[in-house]
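Undergrad: Sequence first, then the predicted structure, then my questions.
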Amino acid sequence: MFAQRTKNLNSSFIRDILAVTQQPHIISFAGGLPDPALFPAGELQLAAERMHQQLGNSLYQYSETAGLPPLREYIAEHLTIADCQADEIIITTGSQQGLDLVVRCLIDPGQKVVVEAPTYLGALQVLRANQAELITIPSDDQGPDLHALEEIVKKEPIRFFYTVTDFQNPTGTSYSRERRERLVALAKKYDFLILEDAPYAALRYSGEALPSLHTLMPNRVIRFGSFSKIIAPALRLGWINAPREVIKVVEKLKQAADLHSSGYDQHLVLEYLKSGALKPHLQKIRAAYGDRLDAMASALSRYLPDQVQFTKPEGGMFIWATLTHHESTLELFNSAIEQGVAFVPGEAFYANGESNISMRLNFSNSQLDKIEEGVKRLARLINQHDPVKLSATA
Ligand SMILES: Cc1ncc(COP(=O)(O)O)c(C=O)c1O
């Protein structure tokens, strides 16, 4: 009954477990959620009042598919690192829709795409839904294994490489300068495109910002931005920054998909941005999330010194913790819920679903005391199930 493209679809593990992990007694490090207590609700309300006064009923009218021109101009001028114009920006319904539209523009069924293992689960869903053939390469704390990538592109053409260069979901790691430069050189040599997904790039808490792939190679990189993590995800607003010829084709597909993203929300965000409120808001959330990142890293070192190794991100929302003794974090998940703590088992982020001993831990949506208590619960769980200790006591 259903089309071929629905055959590879699987529901997101993270969305499926959301109801379980949101029970009040559970400390959840599972969702990739910003903290609602830090949403700029007051400023948004004031912005809403101003826009109602200024625009009246016209606020509720249909609008342009590519997005409100002044919002595109604002993004081009203030929110992209590369030098770009408004017609190289299209507004999308979350960056997730941006990904879907671009993938649909670029991929015919069966065409090859390279992703890292692990990578963003939502990108895997889009790629599967569009029947891409997925090839994976490993990555480390400096970025992707470029020898592995070169071996692939040497043998056969790929349509593109998908990546999150800054504070990746799920590992929290960012590409080093050297890896960025070598990746761009490889894309030029073997003539492939790069999809650079950047919803966390503005959430840097320490260290120095590095040039985006888009800045290094604007004609071959399609970059995705989002207001979800820097203002609020319910607005469902993101953008694509790409060469004009790509924007034109994406615009046609977007027309077919939803005519345009919510005009109401676009006016609201524009009014909010024009008031200059984003800069102090970013300072506030960077300070709060930076403290939470430090608290989680410190708790992991104190409570699980030998049982886990974990990444040391300089921003974003996630730490990736790898167990030194266990065989699968998926097997620990139900016991974790019983202990009152939740995480996302690493398996969810692998294109081939291979069994995995890592877990994604979100730190942005828990207060400092909850982070401490949650890691304590995690330590209790891991120690109880530690195969090395168990065999010693057997
Ligand atoms: C890497 C990455 N890309 C895209 C998205 C989707 O974000 P949006 O809310 O803008 O659709 C997310 C959301 O968590 C993400 O982590």
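TA: All right, it came through fine.
Undergrad: from here on, contacts and neighbour counts on C-alpha atoms
TA: OK.
Undergrad: Is Ile91 in a helix, a strand, or coil?
TA: With DSSP: H, G, I helix; E, B strand; the rest coil as the basis, Ile91 sits in strand.
Undergrad: what sits against it?
TA: Shown in contact with Ile91 (CA atoms under 8 Å, 6 or more residues apart in numbering): 66-67, 72, 237-240, 261.
Undergrad: Equivalent analysis for Arg292, please.
TA: Counting by CA under 8 Å, 6+ apart, Arg292 touches 363-364, 366-368, 371.
Undergrad: One more: Ser364?
TA: Ser364 neighbours (CA under 8 Å, 6+ apart): 32-35, 289, 292-293, 317-318.
Undergrad: For those residues, which single residue is the most surrounded?
TA: Using other CA atoms under 10 Å as the neighbour criterion, Met317 leads the contacts of Ser364 with 30 neighbours.
Undergrad: so that one touches Arg360, yeah?
TA: No. Assessed by CA atoms under 8 Å, Met317 is found out of contact with Arg360, at 9.8 Å.
Undergrad: Please list the residues of this structure that sit near the ligand.
TA: Proximity of the chain to the ligand, by CA under 6 Å from any ligand atom, involves residues 32, 94-96, 120, 164, 169, 197, 199, 226, 228, 233, 236, 238.
Undergrad: rerun that using 8 Å as the cut-off
TA: Contact residues (CA under 8 Å from any ligand atom) of the chain with the ligand: 32-33, 93-99, 120, 122-123, 164, 168-170, 197-200, 224-229, 233-234, 236-238.
Undergrad: mind listing which of these are in helices?
TA: Among those, the ones falling in helices (DSSP state H) are 94-99, 122-123.
Undergrad: Which of these are buried, as a ChimeraX select command?
TA: In ChimeraX, selecting the buried portion of those, with burial taken from 16 or more other CA atoms under 10 Å, looks like this:
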select :94,95,96,97,98,99,122,123
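Undergrad: Pick out whichever of the ones in helices among the residues of the chain next to the ligand sits closest to Ala41.
TA: Taking CA to CA as the measure, Ala41 sits nearest to Gly94 out of these, at 18.9 Å.
Undergrad: for the closest one, what are its contacts?
TA: Taking CA under 8 Å, 6+ apart as the contact definition, Gly94 lies against 226-228, 233, 235-239.
Undergrad: okay, it: pLDDT?
TA: Gly94 carries a pLDDT score of 98 in this model.
Undergrad: next one: Met1
TA: pLDDT, Met1: 83.
Undergrad: okay, now it: neighbour count?
TA: Using other CA under 10 Å, Met1 has 3 neighbouring residues.
Undergrad: Same question for Gln339.
TA: Per other CA under 10 Å, the neighbour tally for Gln339 reads 17.
Undergrad: how about JSON lines for the contacts of Gly94, with distance to Lys274 and pLDDT added?
TA: Formatted as JSON lines, the contacts of Gly94 follow (distance: CA to CA, whole Å; pLDDT from 0 to 100):
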{"residue": "Ser226", "distance to Lys274": "17", "pLDDT": "98"}
{"residue": "Phe227", "distance to Lys274": "15", "pLDDT": "98"}
{"residue": "Ser228", "distance to Lys274": "18", "pLDDT": "98"}
{"residue": "Pro233", "distance to Lys274": "19", "pLDDT": "98"}
{"residue": "Leu235", "distance to Lys274": "17", "pLDDT": "98"}
{"residue": "Arg236", "distance to Lys274": "19", "pLDDT": "98"}
{"residue": "Leu237", "distance to Lys274": "16", "pLDDT": "98"}
{"residue": "Gly238", "distance to Lys274": "17", "pLDDT": "98"}
{"residue": "Trp239", "distance to Lys274": "18", "pLDDT": "98"}
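Undergrad: From those residues, keep the buried residues only.
TA: For the contacts of Gly94, buried by 16+ other CA under 10 Å: 226-228, 233, 235-239.
Undergrad: Point out the ones among these that are inside strands.
TA: Secondary structure from DSSP state E places 226, 238-239 of the buried ones among the contacts of Gly94 in strands.
Undergrad: I'd like those residues laid out as TSV, including distance to Lys279.
TA: Rendered in TSV, the data for those read as follows (distance: CA to CA, whole Å):
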residue	distance to Lys279
Ser226	16
Gly238	18
Trp239	19
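Undergrad: What ranges does the stretch 1-150 of the chain have for its helices?
TA: 13-21, 41-55, 69-74, 94-106, 121-129, 146-155 (DSSP state H, counting those that start in this stretch).
Undergrad: picking that back up, I'd like a version of the buried ones among the contacts of Gly94 in a markdown table, one that adds distance to Ala76 as further columns.
TA: Converted to a markdown table, those look like this (distance: CA to CA, whole Å):
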| residue | distance to Ala76 |
| --- | --- |
| Ser226 | 13 |
| Phe227 | 14 |
| Ser228 | 18 |
| Pro233 | 21 |
| Leu235 | 19 |
| Arg236 | 19 |
| Leu237 | 15 |
| Gly238 | 13 |
| Trp239 | 10 |
